[in-house]
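Colleague: build me a structure from this.
(one chain, ligands or ions: 2)
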Amino acid sequence: MRIAGVEMMREIDRIAVEEIGIPAPVLMENAALACIRNLDLTKGYFVVVCGRGNNGGDGFAIARHLYCMDKEVDVFYISEGSDYKTETRTNFRILKRLGVPMIPLSSETMWSFREALKDADVVIDSLVGTGVAKPLRDFLRQVIQEININSKYVLSVDVPSGMNADNGETMGQVIDADMTVTFQCMKRGFLNYDAMSKLGRVIVENIGIPGPVEAKAEKGEFLTDHALARSLVPLRDKTGFKSNYGKVLVVAGSSGFTGAALICTEAAISTGSGLVTLCSREEVFQSLVLRLKEAMSIHPDDLEDGTGRADVVVFGPGLGAGDVTFDMLLRVIKSMQENGGRSKTLLLDADGLNVLKDRTEILTHLDFNVILTPHVGEMSRLCGLSSEVIQKNRIDTARSFAQEHKCIVVLKGYNTVITDGKTAYVNPTGSSAMAQGGMGDALAGIIGSLCGQGLEPLEAAILGTYLHGYIGDELAGENYIVKASEIIEAIPGCMKRLQDSKR
Ligand SMILES: NC(=O)C1=CN([C@@H]2O[C@H](COP(=O)(O)OP(=O)(O)OC[C@H]3O[C@@H](n4cnc5c(N)ncnc54)[C@H](O)[C@@H]3O)[C@@H](O)[C@H]2O)[C@H](O)CC1
Ligand SMILES: [K+]
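Modeller: Ligands and ions are numbered 1, 2, ... in the order given. Down below sits the predicted model:
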């Protein structure tokens, strides 16, 4: 599914109507019906609040459908401002002719508006959508405030009115929606963490604009959907041998951080790697000896050997952020450069990222694939921006770092961003039930394993993050929190279910 901002939505609309010739009233009708589909039609009394742009037009059309269904409908509308656009005027006039109660909003009608809001089972917010990107006029702010204070349940049409669809910021005042039915594409602004609490449940509805039209206006930003993730799960050949499923070297763990090594290694094994080797220090193996059943092990002195044999090196979990780790990283990089590494991948996580602080230029001239999996703190150390700035611009930050350093960035957190600098995918799975130590180590092992099984690094990162969160969501359905070890146990079953699913 594509992610779009204001300009891209306008362009999609223009191409659909002007170049392809889909009549604009058809799109408005489809938009209205998409909202109707998501309304609780067992309810009896609906209040529709309409602005003067096409978002208001959608609202007028929704009111008509509710009227046709014999629902009690009151329409309140902004009576002053710019002229109606053609389709909005058409829908406004139809309602007038039908005799649907229509009340212009003003200070005189504010009292009856308030009473209607209190009585309404559902309030439909059709004030403004993607057409406004500047601070709202005072009167509109007041209307929004009344809706927020007095309504039981609000469905926002396309965008909660007052939210900037590009960045999620509030333009003076914003509707606090229970559900947002947005059209055709996920809006970029909805991915802003601060915006999420205003959206309620988000439903993306197709309004009859064909995919190729969207593609013409596309800006390379997508939400990973189930169908994409499913299509990426590797098919295992009947005659496959362990050497067909990738050799992964995990370089991880130190005294006090043995769990990181164990989790990362086991995650790679459970995701389906043919051979997984852990490179760690003696003391790590002493405490893991009884637990690592399927993995092989090597001593750090043999790092070059292990790197030479591996298709993928996952480097960093629990290693420590000192010079020893940095030296090990340089040895891995040198060995990968020397071993003709175009198809090989280095995944850097945790301390593998921390040792790159102020040294990220070493990433730019490597002959093999590099994947970085930072959380926001690690991203901040890598790029020098504050966590606050990064969180407000997650896609842009990850994308420009990936572009500049010629690598793939997986910026972790709610709505993890995966990007190679050209395209960016936002992952919709996972929740704070997974916010625990060890989760990142598991993700690194999963992505590394998928690379070794032949997925392109970007694909491996897209599927790995989706799968990791998908498993977390399944487990969180019945558990308050989810442990990394539980994720690992569930990987094979979830991969099978994902692959077999029809959605
Ligand atoms: N994208 C599509 O294919 C379709 C979109 N539909 C709906 O149309 C809106 C976008 O409509 P548009 O007319 O461009 O803009 P809005 O309705 O969001 O708002 C414009 C409206 O707002 C008023 N206004 C402007 N600035 C201010 C301000 N500072 N303060 C207060 N009010 C302001 C002014 O009256 C403008 O006219 C999209 O979201 C969808 O809901 C289609 O119906 C289907 C196809
Ligand atoms: K709206």
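
Colleague: which residues does residue 195 contact?
Modeller: 163, 168, 169, 189 (Cβ atoms under 8 Å, 6 or more residues apart in numbering). (Each C-beta comes from the backbone N, C-alpha and C, glycine too.)

Colleague: ok, and the most crowded of those?
Modeller: Neighbour counts for the contacts of residue 195 peak at residue 163, which has 29 neighbours (criterion: other Cβ atoms under 10 Å).

Colleague: so that one touches residue 170, yeah?
Modeller: Yes: in this structure, residue 163 is within contact of residue 170 by Cβ atoms under 8 Å, at 6.4 Å.

Colleague: find the residues that touch each one of those two.
Modeller: residue 198.

Colleague: the contacts of residue 195 in helices, which ones?
Modeller: Within those, no residue falls in helices by DSSP state H.

Colleague: and the lowest-mean-pLDDT helix or strand in the chain, what does it pack onto?
Modeller: Least confident helix or strand, the chain: helix 282-288 with a mean of 82, by mean pLDDT, DSSP states H and E. Applying 3 or more Cβ pairs under 8 Å, 6 or more residues apart in numbering; DSSP states H and E, one finds that helix 282-288 contacts helix 258-271.

Colleague: any idea of the mean pLDDT in the helix it packs on?
Modeller: Taken as a whole, helix 258-271 has an average pLDDT of 94.

Colleague: again, but for stretch 326-337
Modeller: Stretch 326-337 comes out at a mean pLDDT of 95.

Colleague: how about stretch 161-179?
Modeller: 96.

Colleague: and that stretch, what's buried?
Modeller: Buried residues in stretch 161-179, defined by neighbour count with 16 or more other Cβ atoms under 10 Å: 161-168, 170-171, 173-179.

Colleague: quick check: residue 148 touching residue 170?
Modeller: No: look at residue 148 against residue 170 with Cβ under 8 Å: they stay out of range, at 11.7 Å.

Colleague: what's the burial count for residue 389?
Modeller: Neighbours of residue 389 (other Cβ under 10 Å): 12.

Colleague: so who does it touch?
Modeller: Per Cβ under 8 Å, 6+ apart, neighbours of residue 389: residue 397.

Colleague: make residue 1 into 11 and carry on from there
Modeller: In the new numbering, first residue 11, that becomes residue 399.

Colleague: continuing past the strand or helix carrying it, what's the next helix or strand?
Modeller: Assigned by DSSP states H and E, residue 399 falls within helix 397-402. Using DSSP H and E, the helix or strand that follows helix 397-402 in sequence is helix 404-415.

Colleague: state the mean pLDDT of stretch 121-128.
Modeller: 97.

Colleague: what's next to that stretch, contact-wise?
Modeller: 57, 84, 86, 113, 115, 133, 153, 156, 157, 160, 161.

Colleague: angle of the longest helix seen in the chain against helix 268-281?
Modeller: If each helix of the chain is counted by residues according to DSSP H, the longest one is helix 467-486. With axes from the mean of the first three to the mean of the last three Cα atoms, to 10 degrees defining the directions, helix 467-486 sits at 100 degrees from helix 268-281.

Colleague: for stretch 392-404, output the C-alpha coordinates as PDB.
Modeller: Provided in PDB are the C-alpha atoms of stretch 392-404 (Å, rounded to 0.1, in the frame of the first residue of the first chain):
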ATOM      1  CA  LEU A 392      25.000   7.500  14.000                       C
ATOM      2  CA  CYS A 393      23.600  10.700  12.300                       C
ATOM      3  CA  GLY A 394      24.100  13.300  15.100                       C
ATOM      4  CA  LEU A 395      20.400  14.400  15.200                       C
ATOM      5  CA  SER A 396      18.500  14.400  18.400                       C
ATOM      6  CA  SER A 397      16.000  11.600  19.100                       C
ATOM      7  CA  GLU A 398      13.200  14.200  19.100                       C
ATOM      8  CA  VAL A 399      14.100  15.400  15.600                       C
ATOM      9  CA  ILE A 400      14.400  11.800  14.300                       C
ATOM     10  CA  GLN A 401      11.100  10.700  15.800                       C
ATOM     11  CA  LYS A 402       9.300  13.600  14.000                       C
ATOM     12  CA  ASN A 403      11.000  12.700  10.700                       C
ATOM     13  CA  ARG A 404      11.500   9.000  10.800                       C
END
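
Colleague: that stretch: which residues count as buried?
Modeller: Quick answer for stretch 392-404 (16+ other Cβ under 10 Å): 392, 393, 395, 400, 401, 402, 404.

Colleague: stretch 368-378 too?
Modeller: Buried residues in stretch 368-378 (16+ other Cβ under 10 Å): 370, 373, 376, 378.

Colleague: so which of these is the closest to ligand 2?
Modeller: Proximity of the buried residues of stretch 368-378 to ligand 2 (Cβ to the ion) peaks at residue 370, which lies at 42.0 Å.

Colleague: quick one on the thing from earlier: what is the most widely separated pair among the buried residues of stretch 392-404?
Modeller: Longest distance between any two of these is 17.1 Å, between 392 and 402; criterion Cβ to Cβ.

Colleague: low pLDDT regions in this structure?
Modeller: 350, 513 (pLDDT under 70).

Colleague: filter the buried residues of stretch 368-378 by proximity to ligand 2?
Modeller: Checking those against ligand 2 by Cβ under 5 Å from the ion, not one of them is in range.

Colleague: this completes my enquiry, with thanks.
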